[in-house]
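Chemist: Build me a structure from this.
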Amino acid sequence: MEEGLGAVEDLSLTDTSDDGEERTAAELLTDMENAWINEKFAPEILPHKSNHVDCLLHHITYMDENLKRLPRGDLRLTIHKMEIDRIRYLISSYLRIRLEKIERNVIEILKSEGQRNAASRYLTDNELKYANEYAVNMETLFKSLVLQHVPQNFQELEVDKLSIKPQMNAHVFLRANRTIEGIIIPGTVDEELDFVQGSQHIIQYTAVADLVKNGSVQLI
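Modeler: Predicted structure coming up:
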């Protein structure tokens, strides 16, 4: 009865999003929590973590099936249902944040995605489909509500003018996951900053955008 019903750290799942190494569900969950926090605080949309999401959804299904074997009133039912609810909230919040960014910055996101190949896209296939449909609907709505009421010579729509760009110069709070040297401070003349592993900093996002994406720093 105990098999499959231990805490998440007792389970092993394979995450192929990075190097294909086998990870425990607890490690995968920690990665997903970090991705969620990064997505929440980064001004731009970040590369998707669809493999993490898929693995955790599989994990939820696995836990649900095993919970059915427990007798009613077993304390483990409450414990594991709470864990399942926590994972579901994490995934739904992560996906909702990404959809909000797509809706807010859809034109800029689609422009950037168009410059990436399929392997390096930040959006999943479903997100890209949603973004394209949202952009079309936004343009159609704008034309029907605004352009038809202005003179003919003003009716040509320049989509780029509707674009809202992420505030890449916004300041973020972060923790360094490793020691990093030579971070260039935006707006300065060759001024550099070093991060010591475990140190915390407030800095413009544009200076650390790549470091966030490769896991060298963690937004907090």
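Chemist: Show me the strands in the protein, by range?
Modeler: Under the criterion DSSP state E, strands of the chain are mapped to 12-14, 22-24, 171-176, 180-184, 192-195, 200-204, 217-219.
Chemist: Quick check, central residue of this structure?
Modeler: The centroid of the chain falls nearest to E39 when counting by C-alpha atoms, centre = their mean (4.2 Å).
Chemist: show me the contacts for that residue.
Modeler: Listed by C-beta atoms under 8 Å, 6 or more residues apart in numbering, the contact partners of E39 are 45-46, 94, 97-98, 101. Every C-beta, even on glycine, is put in place using the N, C-alpha and C of the backbone.
Chemist: Buried residues in the lengthiest helix in the chain, which are they?
Modeler: What stands out as the longest helix in the chain, according to DSSP state H, is helix 75-104. Judged by neighbour count (16 or more other C-beta atoms under 10 Å), helix 75-104 contains these buried residues: 80, 83-84, 87, 90-91, 94-95, 97-98, 101-102.
Chemist: other SSEs contacting that helix?
Modeler: Counting contacts by 3 or more C-beta pairs under 8 Å, 6 or more residues apart in numbering; DSSP states H and E, helix 75-104 packs against helix 25-41, helix 50-67, helix 125-145.
Chemist: and of these, who's closest to D210?
Modeler: With C-beta to C-beta as the criterion, D210 lies closest to helix 25-41 of the helices and strands packed on helix 75-104, at 12.6 Å.
Chemist: the inter-axis angle of that closest one versus helix 75-104?
Modeler: 30 degrees (axes from the mean of the first three to the mean of the last three C-alpha atoms, to 10 degrees).
Chemist: Mind picking out the helix or strand in the chain with the poorest mean pLDDT?
Modeler: Using mean pLDDT, DSSP states H and E, the weakest-scoring helix or strand in the chain turns out to be strand 12-14, at a mean of 46.
Chemist: so N132 touches I107, yeah?
Modeler: No. N132 is beyond contact range of I107, at 11.0 Å (criterion: C-beta atoms under 8 Å).
Chemist: Pick out whichever of the two has more residues nearby.
Modeler: Neighbours of N132 and I107, each counted by other C-beta atoms under 10 Å, are more numerous for I107; the result is 19 against 14.
Chemist: Identify the residue spatially nearest to the more buried one, adjacent ones excluded.
Modeler: S163 (3.9 Å; C-beta to C-beta, 6 or more residues apart in numbering).
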